[in-house]
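[1] Just the structure for this:
(one chain, ligands or ions: 1)
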Amino acid sequence: MNAAAEGRASDSPTRSGREDNSMPIRLLPETVRQQLCEHLDSLDVWQQLAAFVKLYPNDVQHIRIQSTRGRSPSMEFLNIWGGQYNHSVYSLFALFHKMKLHNAMRIIKDHVDDKFHKYIPRSMPTISELRAPASTSSKINNGPPYASSSGVTDDSNMNSNSLESPGDIRVSSVQRAAQSLLEIDYEELVIATENWRPENKLGNGGFGEVFQGEWKQLAVAIKAMNYIHKHNDKTQVHLQQSYNELKYLNTIRHDNILALYGYSINGEKPCLVYQLMKGGSLDSRLRAHKSKQPLSPLTWQQRLCIALGTAKGIYFLHTARSKPLIHGDIKPANILLDQCLQPKIGDFGLAREGPKSIDAVMEVRQVFGTRIYLPPEFLSSKKLSTGVDIYSFGVVLLEVFTGRLMAECTLQNDQQNLLKYVKAKCLQPQQNRLDLFDKHLVTPMGDELDKCLCAIEVGLKCAASNPQDRPSMDDVVKRFKTFSTES
Ligand SMILES: Nc1ncnc2c1ncn2[C@@H]1O[C@H](COP(=O)(O)OP(=O)(O)OP(=O)(O)O)[C@@H](O)[C@H]1O
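    Okay, the predicted model is just below:
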């Protein structure tokens, strides 16, 4: 009998003998299972879990097949390990403990005896742990560029400057990152949002809720973290929750990068305060025809301007410092639009310093980002370069001009759908290519048609499977400048 059947993980955390009289995994409430699986899927750890409990190869193969069919691999793992092999929630808790999956321990802690809670580290969760996955399981390892207590670590080959474990984060480094940033009194944010009035809520994100408000005559968006810490260690919360946004967003000033105004840590919940982007996210704008109060679709010219602005923002990230900064999660949801529909790139939770130069490649231990926007060399060989952002940008371009969203293609079980479809269309005569364009507005004509076809062509080049075939962001910006009415 292998370890999976024997319950190898059950001798921990206490090693005081089996504690398997706890609830069987299969009886975990559905909401908890769901939350747990979304979290584990976002970390992409099912293979490590399966290896740790020595699941039979045919079980592993079963999970792999189900995963390619769009099923949650973590749910499959639980079904096998918890169902077939009848392990208890305690065993699962012990397994997570061994694998340092601390947030997973937190998710199921109410279903194991209180005496084991002490095995959950007292340290505050990292950004990666706090970022509950989005509604799909496509987001993988949201971990920021440091070894996370979720057990997912980056490669030791990585430049040490870009690799700080939560324990390594010094107050001084965060203070440095926050130096030019205002510390805002929480009460001012309560007033700004009219006491977090539900009508002021812009949406929910992985970190918590986002509200709009008026603070000192300034229209702001306030991200209120939903993690309520219990250890009264506000400095740690500040360090670990805000570090990446502070470190990167606060040090980069560019018209196409979202402005971070300040932070607040003296209240009920830690908050980050940003410029309010009245046009919402590009993602919501591309889906606007489906909303209850549909907005008019973006015009072709607006799409071309959004493409140019986003390309400029990425180019800046890749070139502003001696080492490129890789955003790592370029997608329509992270491109925000101001009232004039100018784009700004936000969400630097996954940004990291890249290899030594714009053309260099480095290997990392874990993939991070949103799977459907990630290139094959990163997904399969964990090769990180500026090419990752370029590929993601290419996918975004195809979405913007075709009006077809990758997430929706994925629902039809074929992530390559959009790329394949566009590639095939581009081989056809121009007349047939007209079908490519977003059907929610009049097909472009004349000069505009040429520009939009070129934009799609650039999108396809950026999303080339071979990173060598992708253009540089410099080339992309130059190309879009010629399409734009901007001088
Ligand atoms: N500065 C802003 N101005 C206007 N709306 C914003 C701003 N920042 C975020 N939002 C909106 O608030 C909602 C939540 O945003 P948030 O960035 O927290 O989550 P997300 O990007 O959807 O998810 P995740 O953080 O998991 O990637 C989204 O609808 C987003 O468009």
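
[2] neighbours around the residue of the stretch 301-450 of the chain found nearest the ligand, how many?
    Taking CB to the nearest ligand atom as the measure, the stretch 301-450 of the chain has Ala333 as its residue closest to the ligand, at 4.7 Å. Bear in mind the C-beta positions are built from the backbone N, C-alpha and C, glycine included. Per other CB atoms under 10 Å, the neighbour tally for Ala333 reads 20.

[3] Excluding chain neighbours, what is closest to it?
    Of all residues beyond its chain neighbours, the one nearest Ala333 is Asp283 (4.1 Å), with distances taken as CB to CB, 6 or more residues apart in numbering.

[4] for Pro24, same thing?
    Of all residues not flanking Pro24 in the chain, Ser88 sits nearest, at 5.6 Å (CB to CB, 6+ apart).

[5] The residue of the stretch 301-450 of the chain closest to the ligand reaches Arg285, doesn't it?
    No. At 10.7 Å, Ala333 and Arg285 do not qualify as touching, with contact defined as CB atoms under 8 Å.

[6] ok, whichever residue of the chain sits closest to the ligand to Leu272 distance?
    Nearest residue of the chain to the ligand: Gly205, at 1.8 Å (CB to the nearest ligand atom). Here the distance between Gly205 and Leu272 works out to 11 Å (CB to CB, to the nearest Å).

[7] More neighbours: which of the two?
    Regarding Gly205 and Leu272, a neighbour count based on other CB under 10 Å identifies Leu272 as having more, with 25 against 17.

[8] part of a strand, is that one?
    Yes. Secondary structure assignment (DSSP: H, G, I helix; E, B strand; the rest coil) places Leu272 inside a strand.

[9] Offset the numbering so it begins at 19, please.
    Sure, I'll start numbering at 19, so the last one becomes Leu290.

[10] contacting residues around the residue nearest to it when sequence neighbours are not counted?
    Take Leu290 and drop its neighbours on the chain: the residue closest to it by CB to CB, 6+ apart is Lys241, 4.6 Å away. The neighbours of Lys241, taking CB atoms under 8 Å, 6 or more residues apart in numbering as the test, are Gly223, Phe225, Gly226, Glu227, Val228, Cys289, Leu290, Val291, Tyr292.

[11] again, but for Thr337
    Listed by CB under 8 Å, 6+ apart, the contact partners of Thr337 are Ile376, Met491, Asp492.

[12] And the pLDDT at it?
    The predicted local confidence for Thr337 comes out at a pLDDT of 94.

[13] returning to that earlier point: my guess is the residue nearest to Pro42 meets Leu46, correct?
    No. Taking contacts as CB under 8 Å, Ser106 lies outside contact range of Leu46: 10.1 Å.

[14] Comparing these two, which residue is more hemmed in?
    The residue with the greater number of neighbours, taking Ser106 and Leu46 and applying other CB under 10 Å, is Ser106; the counts read 23 against 20.

[15] Mind exporting the C-alpha coordinates of the strand or helix carrying Val208 to PDB?
    With the criterion set as DSSP states H and E, the secondary-structure element containing Val208 is helix 204-210. Below are the C-alpha coordinates for helix 204-210, written out as PDB (Å, rounded to 0.1, in the frame of the first residue of the first chain):
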ATOM      1  CA  TYR A 204      -7.900  56.100   8.400                       C
ATOM      2  CA  GLU A 205     -10.600  58.400   9.700                       C
ATOM      3  CA  GLU A 206     -10.100  60.600   6.600                       C
ATOM      4  CA  LEU A 207     -10.800  57.500   4.400                       C
ATOM      5  CA  VAL A 208     -13.900  56.700   6.400                       C
ATOM      6  CA  ILE A 209     -15.100  60.300   5.600                       C
ATOM      7  CA  ALA A 210     -13.900  60.000   2.000                       C
END
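
[16] From Leu300, how far out is the residue of the stretch 319-468 of the chain closest to the ligand?
    Ala351 sits 8 Å away from Leu300, going by CB to CB.

[17] Up against the ligand, what does the protein have?
    Selection of the chain residues close to the ligand by CB under 6 Å from any ligand atom yields 149, 152, 220-225, 228, 239, 241, 276, 292-295, 298-299, 351-352, 354, 364-365.

[18] Now, of the residues you listed, which are buried?
    Taking 16 or more other CB atoms under 10 Å as the criterion, what is buried in the residues of the chain next to the ligand is 149, 152, 220, 223-225, 228, 239, 241, 276, 292-295, 299, 351-352, 354, 364-365.

[19] Can you spell out which helices and strands pack onto the helix holding Val208?
    Using 3 or more CB pairs under 8 Å, 6 or more residues apart in numbering; DSSP states H and E as the contact criterion, the neighbours of helix 204-210 among helices and strands are strand 226-233, strand 236-243, strand 278-282, strand 289-293.

[20] Given the next helix or strand after that helix, what are its sheet partners and their directions?
    In the C-terminal direction, the helix or strand that comes right after helix 204-210 (DSSP H and E) is strand 219-222. Strands flanking strand 219-222 in the sheet, each with its direction: strand 226-233 (antiparallel) (DSSP bridges).

[21] what number of residues lie near Pro462?
    Applying other CB under 10 Å, we find 22 residues neighbouring Pro462.

[22] surely it meets Ile474?
    No. If you go by CB under 8 Å, Pro462 and Ile474 don't touch, sitting 10.7 Å apart.

[23] Please point out which parts of stretch 119-138 sit buried.
    Neighbour counts using 16+ other CB under 10 Å place 119-127, 129-130, 134, 137-138 of stretch 119-138 among the buried residues.

[24] Which helix or strand lies directly C-terminal to the host helix or strand of Glu466?
    Remark: Glu466 resides in helix 464-480, with elements defined by DSSP H and E. In the C-terminal direction, the helix or strand that comes right after helix 464-480 (DSSP H and E) is helix 491-501.

[25] Would you mind writing the CA trace of that following helix as PDB?
    Backbone C-alpha positions of helix 491-501 (Å, rounded to 0.1, in the frame of the first residue of the first chain) are rendered in PDB as follows:
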ATOM      1  CA  MET A 491       8.100  47.000 -26.800                       C
ATOM      2  CA  ASP A 492      10.100  49.800 -28.400                       C
ATOM      3  CA  ASP A 493       9.100  48.500 -31.800                       C
ATOM      4  CA  VAL A 494       5.500  48.100 -30.700                       C
ATOM      5  CA  VAL A 495       5.300  51.700 -29.400                       C
ATOM      6  CA  LYS A 496       6.800  53.000 -32.600                       C
ATOM      7  CA  ARG A 497       4.300  51.100 -34.600                       C
ATOM      8  CA  PHE A 498       1.300  52.300 -32.600                       C
ATOM      9  CA  LYS A 499       2.500  55.900 -32.700                       C
ATOM     10  CA  THR A 500       2.100  55.800 -36.500                       C
ATOM     11  CA  PHE A 501      -1.500  54.600 -36.000                       C
END
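
[26] what bits of this structure have low per-residue confidence?
    Applying pLDDT under 70 to the chain picks out residues 19-39, 140-198, 224, 244-262, 427-434, 503-505.

[27] now the residue nearest to Cys470 when sequence neighbours are not counted, what's its secondary structure?
    Leaving aside its chain neighbours, Cys470 sits nearest to Pro462 (4.6 Å; criterion: CB to CB, 6+ apart). Assigned state for Pro462: coil (three-state reduction, three-state DSSP).

[28] what do you get for Val413?
    helix.

[29] My guess is it contacts Arg389. True?
    No. Counting by CB under 8 Å, Val413 stays clear of Arg389, with 11.1 Å between them.

[30] Same drill for these two, tell me which one is more crowded.
    Legend: neighbour count by other CB under 10 Å for Val413 and Arg389, higher for Val413 (26 against 18).
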